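> sequence first, then the predicted structure, then my questions.
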Amino acid sequence: MKKTAAVVVATGLLLAGCSSSKSSPKAGSGTTSPAASTSGAASGSATSAITASGPVKVAYAASLANLMEHDLGPAYDKATGGDFQGDAAGSTQLVSEIKGKVKQADVFISASTDANTGLTGDANGGWESWYATFGTAPLVIAYNPNSKFAADIKSKPWNQVITEAGFKMGSTDPKLDPKGKLAAQALTKDDIPASAVQVFPEEQLVGRLQSGQLDAGFFYSSEAAELNIPTVELGDVHLQATYTVSVLNKAPDADSGIAFVQYLLSDAGKALMTKHGLQLQPVKVTGDAGSVPAQLKTLLNAG
């Protein structure tokens with residue numbers, strides 16, 4: 001029992017971040033500007049030209065924890081001389097904490113465009129004027145290969161197995177995390193009661209699955225792939241995360257936020273995201289394209 005608790009606590013500690021505050025310009029309004037692929041010169045492949053002005057505070061969807069903490073954050077620091085400071089949680093939770101000034105960040109990376117709308121406009125505090133979508137990851141069921149239900153998960157419909165007696169299925173809170181919201185949609189589509197799953201903070205779900213506290217859980221394909229956790233698809237249910245990035249209007253250090261986005265969407269950053277299982281998409285800017293920082297306009301094709 002003590003060993004299990006230690007795994008969960010360690011997972012939580014890995015994802016802890018930090019924040020501070022300073023004010024900056026007000027949000028704009030909503031036009032949409034599609035962009036082409038971020039390859040070639042527009043991708044910022046010459047990472048040696050990217051220089052950080054100081055620490056960068058990145059509030060990001062916890063489904064990206066391994067990518068951010070183990071690869072992209074350290075690589076950004078090495079390439080730019082910066083200091084990556086990550087804060088991981090469910091995207092909707094992060095929106096609430098940013099709006100409530102509990103946490104502040106230079107960059108916000110979400111797993112759902114719905115979360116971004118919660119930061120846009122005067123009614124939401126004008127935290128965000130634009131955001132850029134850059135990747136996706138399908139929702140799947142990841143399972144513990146040592147579970148006594150593993151054979152059933154591989155051979156039977158998922159909506160049958162998770163209702164078997166004794167089966168422990170995990171998800172995140174639909175009110176705090178887009179993944180939990182997608183999981184709730186999957187359950188509703190197949191007429192499965194919400195009570196069929198146990199709800200946990202996003203940053204604890206992997207640890208609970210790997211330690212055997214759960215037989216399976218709703219995850220994004222990228223999370224499972226990077227940790228070599230086996231998965232099954234959701235049959236005719238097709239749902240996915242849509243990852244977005246933005247430099248917040250009230251960023252403590254907007255220049256460092258810009259440098260981080262430049263690195264994230266550089267060839268080096270894209271290679272790391274692909275390594276961690278993200279399905280990269282042509283970048284699309286939504287919102288006030290005129291508010292995109294000048295240093296990012298070419299990268300995001302925001303004219």
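Cool, got the structure.
> which stretches in the protein count as helices?
Taking DSSP state H to define them, one finds helices in the chain at 2-14, 65-66, 73-80, 91-99, 113-117, 150-155, 158-161, 178-189, 202-210, 221-226, 254-264, 267-275, 294-300.
> output the below-cut-off pLDDT ranges for the stretch 201-303 of the chain.
Flagging of the stretch 201-303 of the chain using pLDDT under 70 yields the residue ranges 303.
> picking that back up, to Tyr131, which of the helices of the chain lies closest?
Ranking the helices of the chain by distance to Tyr131, with C-beta to C-beta as the measure, places helix 113-117 first at 4.5 Å. Backbone N, C-alpha and C define where each C-beta goes, glycine included.
> contacts for the closest one, please.
Here helix 113-117 makes contact (C-beta atoms under 8 Å, 6 or more residues apart in numbering) with 91-92, 94-95, 108, 110, 124, 128, 131, 133, 178, 181, 242, 244, 246, 286.
> which one of these is nearest Gly170?
Lys181 (15.0 Å).
> and the gap between the closest one and Val199?
Lys181 sits 12 Å away from Val199, going by C-beta to C-beta, to the nearest Å.
> so if I had to pick from those two, which one is more boxed in?
Lys181 (23 against 17; other C-beta atoms under 10 Å).
> run a quick neighbour tally on the spatially closest residue to the more buried one that is not a sequence neighbour.
Closest residue in space to Lys181, ignoring its immediate chain neighbours: Pro174 at 4.4 Å, by C-beta to C-beta, 6 or more residues apart in numbering. Neighbour count for Pro174, taken as other C-beta under 10 Å: 19.
> my guess is Pro174 contacts Ala184. True?
Yes: with contact defined as C-beta atoms under 8 Å, Pro174 and Ala184 form a contacting pair (4.5 Å).
> if we can go back for a sec, so what's the residue nearest to Lys181 up against?
Contacts here follow C-beta under 8 Å, 6+ apart; on that basis Pro174 touches 180-181, 183-184.
> and the most centrally placed residue in the chain, what are its bridge partners?
By C-alpha atoms, centre = their mean, the chain has its centre lying nearest to Ala61, at 3.0 Å. Beta-bridge pairing of Ala61 under DSSP bridges involves Ala89.
> what do you get for Gly287?
Residues in beta-bridge contact with Gly287 (DSSP bridges): Thr31, Trp130.
> over to Val56?
Phe84.
> quick one: it and Ile258 touch, right?
No: taking C-beta under 8 Å as the definition, Val56 is not a contact partner of Ile258, at 9.2 Å.
> returning to what we had before: can you pick the most crowded of the contacts of Pro174?
Ala183 (27 neighbours).
> any idea how far that one is from Thr113?
18 Å.
> how near is Pro138 to Ile258?
Per C-beta to C-beta, Pro138 is found 30 Å from Ile258.
> kindly report the same for Ile162.
44 Å.
> and what of Phe149?
Phe149 is 47 Å from Ile258, by C-beta to C-beta.
> higher neighbour count, these two?
Neighbours were counted for Phe149 and for Ile258 using other C-beta under 10 Å; Ile258 has more, 24 against 19.
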